[in-house]
Structure formats: structure tokens, C-alpha cells
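Participant: pasting the structure only:
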């Protein structure tokens, strides 16, 4: 019965969201806004489920000596940030903001910066001319790279128009073909969910 | 002016947005085709789907992990939530993988950035283990919420990859900048990697760093391919029919535009929407 209720709710709200997209009536817009606001509220509560899961997993993983330091740091962060926010608030010049600007933000930037090294190592593997297709890819990549650097303009006026042609025609047409496939896949998957044919999100087809 | 004539423009202006009429017509056609293929008997008969290397490699990847006594790691990426069709498609994949890992008694790790996805994944895996006849092998702690922050999630999954050294990694879902960080780390530990996403930018990174990549619609076709469910397979047929229609539309539009440009015939711009 609980699954049937979930399927009915999915069908009704799926249909409602589809219908409101084609309307510019104020009622349709307010329905859309109300549903989105409720979604935000529900998501805030689901974060509690996530935090509880993180807490439980970290505590049980701390039995493993190798995992212990990482889990301790994770738990310390999880406890410290809300405590600092509750006691001193989240405005500028509070301990919470100090921790955010001097600990969390630099750590995030560090992980993001790893991308530069990973792009280099992935490019090294990807741009080896082992076949005709790989050689064409390598040539196209070299032209695009040249056109995006000062060096390309200095070499020749031909590089930039050729690079633009590669980006606007062969590359864009391939990208659009993939996007059409993704769009159709999304459409059929959404319809399957709305109609109740696809029930994996409920755990299975029972 | 009659009452109806006065009323109709008001209805049109308020309840229906005329600017969205082309999208509405296209949506109705698409929905009709999907419904027809799903519920008509002839479409539900079995038909052949071409072999997709990435999907055939799933069995080998799980077998490898079992032989090496190492876990399998599956993550849906940071970019999506449960409303996204890609996440739903990845759940189908997860269900299939979980039933295999359940049968082979192989550990399945599922880190995610979204508590809703975590809850759904727990249900999917639990159900798959029960279906395989090994409900007792399900461990809730293996499906974990790590962080909602993009690079916090990337760092947590990276740490998990380097510490647990899974033999097989599945990166299926919506990925953003974290895609290459995860794929390259997976590559560095020598894992077999099967990836698929709806982001065309991240696809290029996966193609370079992973062993198998499901490109675009292949990820959506995967659920029908793996489950062999006739109603899901029928929607794959609907996708093909819709592609055929779009192809025909494009050819006619190109011809009309070309004729309009080369001659004095006014072919209009009806294809623009």
C-alpha cells in the first residue's frame, strides 16, 4: 500500500509539473513555486538523515586503525562548524567564517587544483596517435590549443578560423547528436517513472 | 463579438502560453510514441539491441573484484539529485550490479553527496540482495553519505578509492568537475572503470580515463539491456522512433532552408522553435 501511495503521488505531481510548464497563469506559477519550496524544506530534513548516516559510519569505521585519523577529522569538522555557528553566528569576523575562509575554502581549492595535474596525465594518455582516429583527435586538439594561446596568433592567421570551424561544425554536430540522445533518454525515463513502469527508485519492481 | 470569441483569447492568454506551443506539440508526439511502444503488444515483443561494450564488461568487472577479494565502488557523481533521469537510470544499473555482488559475496561501496540518493540506493541494494537470495549479505554502512560539498565529496571518494583499492569502479550518473579527479584516481589504482554521464563536457574526460564509457543515451538504454524488462525495452524502441522523426525533421528543414536561400520561393522559418 505504501508503494502504491508513492506511485500515485509521483504520477499526480509529475503530471502537475508537466502541465504548469505550459501555462503562464499566476496559479500555475504559484503551484510551481510552492512545490519547489516544499522540496527545499524536505531536502533540509533529509540532510539530517545524511548527517546521522555520516556520524554512524564514521564511528563504526574508527575501529579500523587505518581509517581512524580521517574519520576523526571528518567528525571534528561535522561537530565544530554547527557549534561555532550556533554560538557566534555566521556573519563576517566570526569563528565560523574564519574556519570557512581559512580551512574549508583552501581545502576545496586544493582538491580543485588537482584537476590541473589530472588533465595533464589524462591528456598524455588520450592524445597518443595509435590509430587514424586518435591521430585526427590529436591534430584537432593541437589546433584548438594553439588557437587559444598567444602563440597560435603569432604563427598564422589561419589557426584561429580553422579552430573555430572545428568547434562550430564537426565538434558541435557530434555534441548535438549526443545531446539529442540524452534528451530522448531523459524523456522516456521520466515518462516511465511518472507512469509507474520504472520502479527502481522504490527499491524494485514489486 | 460573441461571448466565446471574447472568452477564448482570455483563456489562451492566461492558461496556455502560446510561445510554448511548439514544445507542447513535440512533447505530445513524443509521449504518444512512448505510450504506443510501451503498451502495444507488437512493440513489447523482444527485439535486438546492439551490443554495448560497457554493459557487457559489467560481469567481468564484478568477477574480477570477486577473484581479487577487493570491493566494487559505485558512485553517482555530485551533479545530480534523485529527480534527474540520469540518477534513475544509474539506479537500474546499481540494482543489476548489486544482485551480482550479492550473489558473489563481493563488497559493494556506494558513497554519495545526497541523502535522498543514499536512502534510495540503500533500498535498491537491499532489494537486489534479497532478490539474489542473500539478504543477509547487505551492509547498510557500505552505502554512505559523505558530503554535499563538491570537492569535499571528491576528496572523500578519492580517499575511499586509495584506501580500499576497489578492483572495479562504476562512475554512472551526473558528474561535474569531480569527474576527472575520480576517474584518474581510479586509473592510478588499476581499477577497471565503467563510466557514463549525461554531461557532454565530462564525457570526454571519462573516455580518456576510463576503460568503458557509456555515451549519452547508452546509459538510459542500459536499464532495458540489463533488466530485459519488455516495457523498458519498448521505451528504447520509442527513443529510436523519435530519433528517426527528428532526423526526418532536420532533413526537411535543411532542404527548405536551402531552397529558400537559393531561390525566390518563400519557404518560411517554421523549423525555428
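Facilitator: Sure, I can see it. Keep in mind that what you see is a predicted model, and the values were worked out from it rather than measured.

Participant: Tell me where the chain has helices.
Facilitator: Using chain A here. Using DSSP state H, the helices found in chain A span residues A:2-21, A:26-61, A:68-88, A:95-99, A:105-126, A:132-147, A:150-155, A:159-166, A:172-195.

Participant: The intended chain is chain B.
Facilitator: With DSSP H as the criterion, chain B has helices at B:3-14, B:21-39, B:41-44, B:53-68, B:85-104, B:115-132, B:150-164, B:178-188, B:200-209, B:218-227, B:230-262.

Participant: What parts of the stretch 151-273 of chain B come near chain A?
Facilitator: Taking CB under 8 Å from any CB of the partner chain as the criterion, the stretch 151-273 of chain B approaches chain A at residues B:151-152, B:154-156, B:158-159, B:163, B:177, B:180-181, B:183-184, B:198, B:200, B:203, B:205, B:207-209, B:215-217, B:219-221, B:223, B:229, B:231-232, B:235-236, B:238-239, B:242-243, B:246. Where C-beta positions appear, they are placed from N, C-alpha and C, glycine not excepted.

Participant: Please parse chain B into its domains.
Facilitator: Split into domains by automatic domain parsing, chain B comes to B:3-39+B:234-262, B:53-227.

Participant: want to throw the ones you listed into a markdown table with mean neighbour count and mean pLDDT?
Facilitator: Output for these, formatted as a markdown table (neighbours: other CB atoms under 10 Å in any protein chain shown; pLDDT from 0 to 100):
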| stretch | mean neighbour count | mean pLDDT |
| --- | --- | --- |
| domain B:3-39+B:234-262 | 14 | 83 |
| domain B:53-227 | 22 | 92 |
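
Participant: want to throw the ones you listed into JSON lines with distance to residue A:31?
Facilitator: Below are the domains of chain B laid out as JSON lines (distance: least, CB to CB, whole Å):
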{"stretch": "domain B:3-39+B:234-262", "distance to residue A:31": "13"}
{"stretch": "domain B:53-227", "distance to residue A:31": "17"}
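
Participant: Can you say which of those domains is nearest to residue A:168?
Facilitator: Evaluated over those, closeness to residue A:168 peaks at domain B:53-227, with 15.1 Å, by CB to CB.

Participant: From what I see, residue A:88 and residue A:82 are in contact.
Facilitator: No: the criterion here is CB atoms under 8 Å, and residue A:88 misses it with residue A:82 at 11.6 Å.

Participant: Flag the shaky bits of chain A, pLDDT-wise.
Facilitator: Scanning chain A for pLDDT under 70 picks out A:1, A:204-206.

Participant: repeat that with 80
Facilitator: Chain A contains residues with pLDDT under 80 at A:1-2, A:126-129, A:150-157, A:201-206.

Participant: Quick check: the gap between the closest residue to residue B:87 other than its chain neighbours and chain A.
Facilitator: Of all residues not flanking residue B:87 in the chain, residue B:80 sits nearest, at 4.5 Å (CB to CB, 6 or more residues apart in numbering or on different chains). Between residue B:80 and chain A the distance is 11 Å, computed by CB to the nearest CB, to the nearest Å.

Participant: thought residue B:80 was touching residue B:172?
Facilitator: No: under the criterion of CB under 8 Å, residue B:80 makes no contact with residue B:172, lying 10.5 Å away.

Participant: sorry, back to before: among the helices of chain A, which is the most enclosed?
Facilitator: Highest mean neighbour count of the helices of chain A: helix A:172-195, a mean of 19 (counted as mean count of other CB atoms under 10 Å in any protein chain shown).

Participant: how far out from the middle of the chain is that helix?
Facilitator: Chain-centre distance of helix A:172-195: 18 Å, with CA atoms, centre = their mean, to the nearest Å.

Participant: just stretch B:229-247 next, same as before
Facilitator: 15 Å.

Participant: just stretch B:150-168 next, same as before
Facilitator: With CA atoms, centre = their mean, you get 22 Å for stretch B:150-168.

Participant: Give me the contact list for it.
Facilitator: With contacts defined as CB atoms under 8 Å, 6 or more residues apart in numbering or on different chains, stretch B:150-168 is touched by A:66-67, A:70, A:74, A:107-109, A:111-112, B:61-62, B:64-65, B:68, B:70-73, B:75, B:78, B:109, B:111, B:113, B:146-147, B:169, B:176-178, B:181-182, B:185-186, B:189, B:191-194.

Participant: again, only using 7 Å
Facilitator: Contact partners of stretch B:150-168, identified using CB atoms under 7 Å, 6 or more residues apart in numbering or on different chains, comprise A:66-67, A:70, A:108, A:111-112, B:61-62, B:64-65, B:68, B:70-73, B:75, B:78, B:109, B:111, B:113, B:146-147, B:176-178, B:181-182, B:185-186, B:189, B:191-192.

Participant: do the same with stretch A:179-188
Facilitator: Contact partners of stretch A:179-188, identified using CB under 7 Å, 6+ apart, comprise B:30, B:34, B:85, B:198, B:200, B:216-217, B:219-220, B:235, B:238-239, B:242-243, B:246.

Participant: contacting residues around the spatially most central residue of chain A?
Facilitator: What sits nearest the mean C-alpha location of chain A, by CA atoms, centre = their mean, is residue A:112, with 13.9 Å. Residues in contact with residue A:112 (CB under 7 Å, 6+ apart) are B:151, B:177.

Participant: ok so, going back, identify the residues contacting the residue nearest to residue B:87.
Facilitator: By CB under 7 Å, 6+ apart, the contact set of residue B:80 is B:86, B:87, B:173, B:174.

Participant: cool, residue B:111 as well?
Facilitator: Residue B:111 makes contacts with B:75, B:144, B:146, B:156, B:157, B:160, as judged by CB under 7 Å, 6+ apart.

Participant: could I get the helices of chain A as TSV with distance to residue B:137?
Facilitator: Below are the helices of chain A laid out as TSV (distance: least, CB to CB, whole Å):
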stretch	distance to residue B:137
helix A:2-21	24
helix A:26-61	17
helix A:68-88	24
helix A:95-99	41
helix A:105-126	33
helix A:132-147	43
helix A:150-155	57
helix A:159-166	51
helix A:172-195	28
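
Participant: To residue B:117, which of the ones you listed lies closest?
Facilitator: Closest of the helices of chain A to residue B:117 is helix A:26-61, at 9.6 Å (criterion: CB to CB).

Participant: name the helices or strands packed onto the closest one?
Facilitator: helix A:2-21, helix A:68-88, helix B:115-132, strand B:143-145 (3 or more CB pairs under 7 Å, 6 or more residues apart in numbering or on different chains; DSSP states H and E).

Participant: next one: stretch A:115-126 to chain centre, how far?
Facilitator: Relative to its chain's centre, stretch A:115-126 lies at 21 Å (CA atoms, centre = their mean).

Participant: do stretch B:110-126 as well
Facilitator: 16 Å.

Participant: same thing with stretch A:116-135?
Facilitator: Centroid displacement of stretch A:116-135 relative to its chain, using CA atoms, centre = their mean, is 25 Å.

Participant: now do stretch B:220-239
Facilitator: Stretch B:220-239 sits 12 Å away from the centroid of its parent chain (CA atoms, centre = their mean).

Participant: Could you do stretch B:145-165 as well?
Facilitator: 22 Å.

Participant: again, but for stretch B:49-67
Facilitator: Per CA atoms, centre = their mean, the centroid offset for stretch B:49-67 relative to its chain is 17 Å.

Participant: In chain B, which residue is most central in space?
Facilitator: Residue closest to the mean C-alpha point of chain B, counted by CA atoms, centre = their mean, is residue B:86 at 3.3 Å.

Participant: dump the residue contacts of that one.
Facilitator: So residue B:86 contacts B:80, B:173, B:174, B:197, B:198, B:219 (CB under 7 Å, 6+ apart).
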